[in-house]
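K.L.:
Dropping the sequence and predicted coords here.
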Amino acid sequence: MNLSESLGTPSLTAQDWHHRICFGCGPDNPHGLGADFRFDEDNGEVRFSYTPGPFLTGAPGFVHGGILASIMDEAQGVLCFHIGHIVMTEQLTLKYHRATPLEKAFQVRAWITSVRRRRMYTRATIHEGETLLVSSRAAWYLLPERVVRRMIHTEEQEFERIRGVVEANRKRARQIRQKLRRARRN
């Protein structure tokens with residue numbers, strides 16, 4: 001997405017805004033997950049399917065627990081961005097309910113539970129069909145713009161592109177919240 005395309009356009013995938021060598025979503029990272037952290041505009045959640053390859057092996061035939069932690073961290077962190085915040089992980093807690101098989105698609109879902117002061121709280125799950133494999137809770141530090149500017153180390157034009165996407169995401173998040181509140185009242 002170029003600057004003129006992205007200003008004022010909310011993101012739907014992490015690839016819409018993130019660097020191309022990101023471990024979680026980067027299409028140019030041959031050692032990364034290459035996951036599609038897709039935002040569901042109907043309910044304000046990240047939902048996607050992922051099939052772990054054999055290079056993610058922990059115990060024979062199963063996904064390494066650290067990889068699953070990375071997927072949960074990325075899914076929840078990307079969710080925060082999709083609703084208009086750049087964050088850093090403050091705390092990530094996981095419960096491994098069952099071993100996660102390799103080379104079988106599973107579904108990831110992440111959602112916001114609350115926002116308080118400079119913190120955002122999220123939850124996420126990994127399911128294979130109806131079977132819960134992993135659940136997670138996370139706390140996120142909402143980064144002030146001055147910190148983001150120092151961290152990104154990018155040209156002003158790229159920073160403005162990211163800022164435009166963040167603002168568009170915040171606006172979309174407000175619209176989703178209003179829509180969901182109306183639906184609950186009816």
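P.N.:
Arrived safely.
K.L.:
Could you use CA atoms for every contact and neighbour count after this?
P.N.:
Noted.
K.L.:
Helix, strand, or coil at the residue minimising distance to the centre of the chain?
P.N.:
Closest residue to the average C-alpha location of the chain: Val78 at 2.3 Å, with CA atoms, centre = their mean. Following DSSP: H, G, I helix; E, B strand; the rest coil, the label given to Val78 is helix.
K.L.:
how close does it sit to Thr131?
P.N.:
24 Å (CA to CA, to the nearest Å).
K.L.:
what's the answer for Ala99, then?
P.N.:
Counting by CA to CA, the gap from Ala99 to Thr131 is 11 Å.
K.L.:
more crowded one of the two?
P.N.:
Per other CA atoms under 10 Å, whichever of Ala99 and Thr131 has more neighbours is Ala99, with 15 against 11.
K.L.:
and stretch 49-63, average pLDDT?
P.N.:
For stretch 49-63, mean pLDDT is 95.
K.L.:
Give me the longest helix you can find in the chain.
P.N.:
Secondary structure of the chain read by DSSP state H shows that its longest helix is helix 156-185.
K.L.:
Return the mean pLDDT over that one, rounded to an integer.
P.N.:
87.
K.L.:
which helices and strands does that helix pack with?
P.N.:
helix 3-6, helix 65-82 (3 or more CA pairs under 8 Å, 6 or more residues apart in numbering; DSSP states H and E).
K.L.:
Name the SS class of the nearest residue to His31 once chain neighbours are set aside, please.
P.N.:
Computed as CA to CA, 6 or more residues apart in numbering, the closest residue to His31 that is not its neighbour in sequence is Phe23, at 7.3 Å. Under the three-state scheme (three-state DSSP), Phe23 adopts coil.
K.L.:
Just give me the neighbour total for Phe23.
P.N.:
Phe23 has 19 neighbours, counted by other CA under 10 Å.
K.L.:
Pull the contacting residues for it.
P.N.:
29, 31-34 (CA atoms under 8 Å, 6 or more residues apart in numbering).
K.L.:
re earlier: switch the helices and strands packed on helix 156-185 over to JSON lines; also include distance to Arg177.
P.N.:
Shown next, in JSON lines, are the helices and strands packed on helix 156-185 (distance: least, CA to CA, whole Å):
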{"stretch": "helix 3-6", "distance to Arg177": "23"}
{"stretch": "helix 65-82", "distance to Arg177": "13"}
